[in-house]
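S.K.: Please find the sequence and the predicted model below.
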Amino acid sequence: MEIEVDFNGGVPLIEQISRQVISWIESGELQPGDQLPTTRQLAVRLGVNFNTVARAYRLLDQSGIISTQPGRGTFVLDPKEGKPPRIESEQRVQELARYYIRQAAYLGFSREEIQDWVARVIQEKRENDR
């Protein structure tokens with residue numbers, strides 16, 4: 001598991017870092033209790049400013065995905081051990097939607113095409129929930 005950033009991709013480095021951590025958690029590559037590299041270690045490894053990594057970690061921490069414990073490190077949280085308050089969950093969903101819309105736009109999809117894809121995914125979800 002190695003975080004990679006694209007300095008020319010148009011996606012903020014903070015988003016790139018946090019999205020990769022989330023992706024590894026969702027795929028099972030990172031498990032609850034696993035320790036992440038320190039902000040300084042990761043900043044040096046990526047060649048980015050320490051504050052960039054710190055902000056990405058802070059975003060993940062505020063979302064209830066990881067926990068930074070001063071003097072101990074940063075660890076992946078167990079999602080079963082409690083959900084963040086609904087307002088935080090709503091903000092998280094909005095962040096995810098914005099991220100994916102930006103990514104689709106970056107790939108050249110029009111606003112209408114993005115709306116069509118979102119509608120299709122929602123419809124698939126409805127059908128699968130039945």
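M.R.: Okay, I see it. Numbering: from 1, shown residues only.

S.K.: Low-confidence regions, this structure specifically.
M.R.: 1, 80-89 (pLDDT under 70).

S.K.: Can you show me the strands along it?
M.R.: Here the chain has its strands, by DSSP state E, at 35-36, 66-69, 73-76.

S.K.: Can you lay out those strands as TSV showing mean neighbour count and distance to Arg45?
M.R.: Using the backbone N, CA and C atoms, a C-beta is placed for each residue, glycine as well. As requested, the strands of the chain are exported to TSV (neighbours: other CB atoms under 10 Å; distance: least, CB to CB, whole Å):
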stretch	mean neighbour count	distance to Arg45
strand 35-36	17	12
strand 66-69	16	17
strand 73-76	17	14
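
S.K.: JSON lines for those, including distance to Asn8?
M.R.: Shown next, in JSON lines, are the strands of the chain (distance: least, CB to CB, whole Å):
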{"stretch": "strand 35-36", "distance to Asn8": "25"}
{"stretch": "strand 66-69", "distance to Asn8": "27"}
{"stretch": "strand 73-76", "distance to Asn8": "28"}
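
S.K.: Between the ones you listed, which one is closest to Val5.
M.R.: strand 35-36 (15.3 Å; CB to CB).

S.K.: Domains of this protein: list them as residue ranges, please.
M.R.: 1-80, 83-130 (automatic domain parsing).

S.K.: just those: most buried one?
M.R.: Mean neighbour counts were compared across those using mean count of other CB atoms under 10 Å; the top stretch is domain 1-80, at a mean of 15.

S.K.: Check the offset of that one from the chain's centre.
M.R.: In terms of CA atoms, centre = their mean, to the nearest Å, the centre of domain 1-80 is set 8 Å apart from its chain centre.

S.K.: Which parts of the chain are helices?
M.R.: Secondary structure of the chain by DSSP state H: the helices cover 13-27, 39-46, 50-62, 86-106, 111-129.

S.K.: who's in contact with Glu4?
M.R.: When contacts are counted by CB atoms under 8 Å, 6 or more residues apart in numbering, Glu4 touches Gln20.
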